[in-house]
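1. Structure of the sequence below:
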Amino acid sequence: MLADEKLLIQFESGLNPQHLEKSSIPASIIGYGEISAIFQIGDNSDIAFKRLPLFPDHFSAQKYIRHYNEYCQYLAEAGLNLPEDETFIIAVPNRPVVVYIAQKKLPAKRFGHNLIHSLALGEIRLLFEKIVAEIAKIWRFNHSALPDRELALDGQLSNWVWLETGTDMTMYYIDTSTPLFRKGGVEQLDPELFLKSAPGFLRWIIRRLFLENVMNRYYDQRQVFMDLAANLYKEQLPDLIPAAVDIINRHLSDDHIPLKLKEIETYYREDKLIWTLFLAFRRIDRWLITKLLHKRYEFILPGKIKR
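-> Below is the predicted model of the structure:
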């Protein structure tokens, strides 16, 4: 086993989502996902814990874990390398049911978004070649697998870890906590889970105007590649975008229009605006819940994000 369930129960029972330093068991934030926060708990430096406080009951948490395990199985069948992992359902009285994903922690310096700041230009090009080739595996799998099954993924730089394994280099994909796949054209992940972290006063408009578009773009290879290239704006390295686009366009199938630099810039501006506003509204929601309603806000929000 990767983790101790009793430790997670103690951790969740004593967790203060707004003031981690006041929690009964110390923890440090490693990162943030769309619907999760990622911790190192105590002095256990070998495991990254993803916390998802999204579930109204044990049944819905079990359903999520079934989809999670199935998604990881499909990713492996497609040829992706995944870190060792384990899942836990933690239920503390008078709190939402929480799923924890324990994942073997990989070296932070080997994550894609960190490597591009330390590697030489030739090595950065090789890194992009490797990531683009890994992403392309998903669409080869979709074309060759059972006709009613379709995989998706979020290909951004921070989801890839390039490790030396013996005499070889291996790419790992770590963003498994959003299990995006369809069967018979039907999305298997309950889209309402995305809305759990959204402000209550915005959920109706997100559900109506944005939710389907956000989920659908992960199934579009060209959109996934565009998001990967646009990451370089976020990382303050726009000079690398032409090289990234050249690599991506060589991997796009003939039925896709090649990416253009201008549309990547436009895509990034729009995406930046959406996520900046979304985080701002989540902070307003946290203030309303904690200060006006004097209730517990379950989600852990990032500080200022440089985009």
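
2. any idea how far E298 is from F88?
-> Applying C-beta to C-beta, to the nearest Å, the value for E298 to F88 is 17 Å. Just so you know, the C-beta spots here come from the backbone N, C-alpha and C atoms, and that holds for glycine as well.

3. ok, those two, which is more surrounded?
-> Legend: neighbour count by other C-beta atoms under 10 Å for E298 and F88, higher for F88 (21 against 18).

4. Excluding covalently adjacent residues, which one is nearest to the more buried one?
-> Computed as C-beta to C-beta, 6 or more residues apart in numbering, the closest residue to F88 that is not its neighbour in sequence is Y100, at 4.5 Å.

5. Could you point out the helix or strand that follows the helix or strand where that neighbour lies?
-> Here Y100, judged by DSSP states H and E, is contained in strand 97-104. Going down the chain from strand 97-104, the next helix or strand is helix 112-115, by DSSP H and E.

6. neighbouring contacts of that next one?
-> Residues outside helix 112-115 that contact it (C-beta atoms under 8 Å, 6 or more residues apart in numbering): 108-109, 123-124, 127, 131, 156-162, 231, 235.

7. so what secondary structure elements neighbour the helix or strand following that helix?
-> Proceeding N to C from helix 112-115, the next assigned helix or strand is helix 121-144, under DSSP H and E. Judged by 3 or more C-beta pairs under 8 Å, 6 or more residues apart in numbering; DSSP states H and E, the packing partners of helix 121-144 are helix 58-78, helix 112-115, strand 149-151, strand 160-165, strand 168-173, helix 221-234, helix 241-251.

8. Contacts for the shortest one next, please.
-> The contact list for strand 149-151, computed with C-beta under 8 Å, 6+ apart, reads 71, 74-75, 78, 138, 141-142, 180-183, 185, 219.

9. tell me which of the contacts of helix 112-115 is nearest to K63?
-> N159 (23.9 Å; C-beta to C-beta).

10. can you count the residues close to the closest one?
-> N159: 22 surrounding residues under other C-beta under 10 Å.

11. Same question for G184.
-> 10.

12. That one contacts D148, correct?
-> Yes: here G184 reaches D148: they are 4.5 Å apart, a contact under C-beta atoms under 8 Å.

13. Can you report how many residues lie near the nearest residue in space to P258 that is not next to it in sequence?
-> With sequence-adjacent residues excluded and distances taken as C-beta to C-beta, 6+ apart, P258 is closest to N249, at 4.4 Å. By the criterion of other C-beta under 10 Å, N249 has 15 neighbours.

14. Could you double-check that N249 lies in contact with L259?
-> Yes: using C-beta under 8 Å, N249 is in contact with L259, at 5.9 Å.
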